[in-house]
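> Sequence unavailable; structure follows:
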């Protein structure tokens, strides 16, 4: 991939991810985040949530994975000689991903070139992340390029 071959508005990756309650348990075990709002319907409702919700960091990680795969790197922090990598990543959490006990939840991710800085040899990749008809991550942006290291 060459950053100078990209065009603003170009979709570089797209993915659908299906989450289940088992997905949340596996993530909780791996991350150590055992907050019961991510596993127990009664607890989630007792604190005012509509039901069990996905971990924010799980959603954030799922959203950036298509960009990681697009870059073709197993480790986005590899040396600059391997090509473009993720330099920055940030999101705003705008809505929760409600994970139904029976049907789970679907998360749709579209990664699109938002801006190119030819001088810096970087591109900003904008992520549209939705579940159902709602945007769940706002201002989700990934800066890709070569490290100055």
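That came in fine, so what should we check first? Just so we're clear, the structure is a prediction, and the values are computed from it rather than from any experiment.
> Run through the neighbouring helices and strands of the strand or helix carrying residue 123.
Under the criterion of DSSP states H and E, residue 123 resides in strand 122-131. Counting contacts by 3 or more Cβ pairs under 8 Å, 6 or more residues apart in numbering; DSSP states H and E, strand 122-131 is packed against helix 56-71, strand 85-93, strand 105-117, strand 134-145. In short, each C-beta sits where N, CA and C put it, glycine included.
> quick one: contacts of the last one?
Strand 134-145 is touched from outside by 3, 59-60, 63-64, 67, 71, 84-97, 107, 111, 114, 117, 120-130, with contacts defined as Cβ atoms under 8 Å, 6 or more residues apart in numbering.
> Repeat that for the shortest one.
Contact with strand 85-93 is made by 56, 59-60, 63-64, 67-68, 71, 73, 76-78, 122, 127, 129, 136-147, as judged by Cβ under 8 Å, 6+ apart.
> Please spell out the ChimeraX selection for the buried subset of these.
Buried residues among those (16 or more other Cβ atoms under 10 Å), as a ChimeraX selection:
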select :56,59,60,63,64,67,68,71,73,76,122,127,129,136,137,140,141,142,143,144,145,146
